[in-house]
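Engineer: when you get a sec, could you give me coordinates for this:
(one chain, ligands or ions: 1)
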Amino acid sequence: MDALFNEFARKREEIFRVILSLPEKGTDVPGKISLEKVTGAAGAYWQTEKTENNKALRKTVDDPDGFLKEIAPLYRQCDLFLPGVQITYRRSKKGKITRLENKGSRASAKETHNREKTAFIQEGDRAPFLVDLGVFTKDYKIARPMYDKYRQINRYLELLDDALKDFPEEEISILDFGCGKSYLTFLVYYYFSVLRGKRVKVLGYDLKADVVARCNDLAKSYGYHGMEFVVADVSRDVLTDRRVDLVITLHACDTATDFALHYALKRRVPYIFSVPCCQHEINRTIREGQGDLDLLLGHGLFKERTSALITDAFRVKILESRGYRVDVLEFVDFAHSPKNVMLRAKKTGKPKELPRELFELEERYGFRQTLLHLEEEYERKSGS
Ligand SMILES: C[S@@+](CC[C@H](N)C(=O)[O-])C[C@H]1O[C@@H](n2cnc3c(N)ncnc32)[C@H](O)[C@@H]1O
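Structural biologist: Just a heads-up that it's a prediction; the model follows:
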């Protein structure tokens, strides 16, 4: 395998994709795993992709050489893709390694084309909100200290595009809960209107009047018609009854996420993208001494993380019970932010009963999860 590792190290600048396939017998690895270079104007980074339970899982890799050395021995074939060239290393069952080079490879040419489309926001793109948010400088260059943010933005668009690139209607209506300074709101508007050519209606809710006023001013100054920001407490105010195709939340604090999800479920919104944060609710009252989870509740930090995971796991179960297919995705690398789980949901079926085991868990461990009770109350009132 040394020849493979050396060739990868030597040609790393040109290689844009590596695919490992044909797992060795007796290994517990996916049938195929790829390592892809994501190229933006400010540089490149690598990410892996594998499929589990029909879901694509992607992860940023900081040390591609180390990754390859670790994973390649588990597979019998490794393909390196360079522009117009595909190099295949294959190990026979007897351990003999062969190297094949296919110049003018069509697969490789197609990959090159796909690669060019990977980074949605490129240096030079006239996205004025990126300048105002400091991601770009005034002349539309990436502000170097904001490179991580630039990566996040592209990652968000990648996940959005994955699910919604074929959205069939000419107009899309979006609701953002806890929009804050609205970098996401502007980004999503930009994606659908500029990159996808749709008519876009976006409504952003936030508690802070000054922030909302500034966002309205910015939208107006860019000529982003169809964008509107409203001061509202999403946990108690009456919210819009317009048609909504997509609900988004990015770090809407604690239970504000539950109110957003409940709104979306109640109104059968087809798509939900939610990156939760500050999941404090369960942490406040969950108790030890009930058995199974004790190991994960014994220290403050464990308890905090376990509670956050339980909160999101409850949300996923509830969404699924209401007829949504949910992907749980790593939004950004954990090293960049611990608030990195995205719940991406698509309505696929009819709502069913809330899972009884969630109520049992609550009772046993002494906590209360807001979304479960919002849904329960709604079910009771509407008799559904
Ligand atoms: C951490 S910020 C995230 C802002 C924005 N989504 C972003 O990612 O840049 C959370 C925002 O949620 C808002 N928020 C929290 N609870 C809310 C509620 N009950 N109703 C409306 N907005 C709320 C806060 O005012 C704050 O601006």
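
Engineer: for the ligand, see how far away the residue most central in space within the chain is.
Structural biologist: Centrality entry for the chain: nearest residue to the mean C-alpha point is F331, 3.7 Å, by CA atoms, centre = their mean. Distance, F331 to the ligand, using CB to the nearest ligand atom, to the nearest Å: 11 Å. All C-beta spots, glycine's among them, are computed from the backbone N, C-alpha and C.

Engineer: what phi and what psi does the backbone show at the residue nearest to that residue when sequence neighbours are not counted?
Structural biologist: Nearest residue to F331, sequence neighbours excluded (CB to CB, 6 or more residues apart in numbering): M342, at 4.2 Å. Main-chain torsions, M342, degrees, to the nearest 10: phi -110, psi 130.

Engineer: how about the strands in this structure?
Structural biologist: 17-23, 32-40, 43-52, 55-61, 75-82, 85-91, 97-103, 171-177, 199-206, 227-231, 246-253, 271-277, 324-330, 341-347 (DSSP state E).

Engineer: any part of the last one near the ligand?
Structural biologist: Spelled out, it's strand 341-347. No - counting by CB under 6 Å from any ligand atom, no contacts exist between strand 341-347 and the ligand, the nearest distance being 12.3 Å.

Engineer: and the stretch 101-250 of the chain, which residues reach the ligand?
Structural biologist: Residues of the stretch 101-250 of the chain lying near the ligand (CB under 6 Å from any ligand atom): 178-181, 183-184, 205-208, 232-235, 250.

Engineer: let me fix that, I meant to ask about the stretch 251-384 of the chain.
Structural biologist: Counting by CB under 6 Å from any ligand atom, the stretch 251-384 of the chain sits next to the ligand at H251, A252, C253, A256.

Engineer: one step back: from R151, how far out is the residue nearest to the centre of the chain?
Structural biologist: 11 Å (CB to CB, to the nearest Å).

Engineer: check L184 too.
Structural biologist: With CB to CB as the criterion, L184 and R151 are 14 Å apart.

Engineer: Y191 now?
Structural biologist: 16 Å.

Engineer: please parse the protein into its domains.
Structural biologist: Taking automatic domain parsing as the reference, the chain has its domains at 2-116, 128-382.

Engineer: and among the ones you listed, the most buried is which?
Structural biologist: domain 128-382 (a mean of 18; mean count of other CB atoms under 10 Å).
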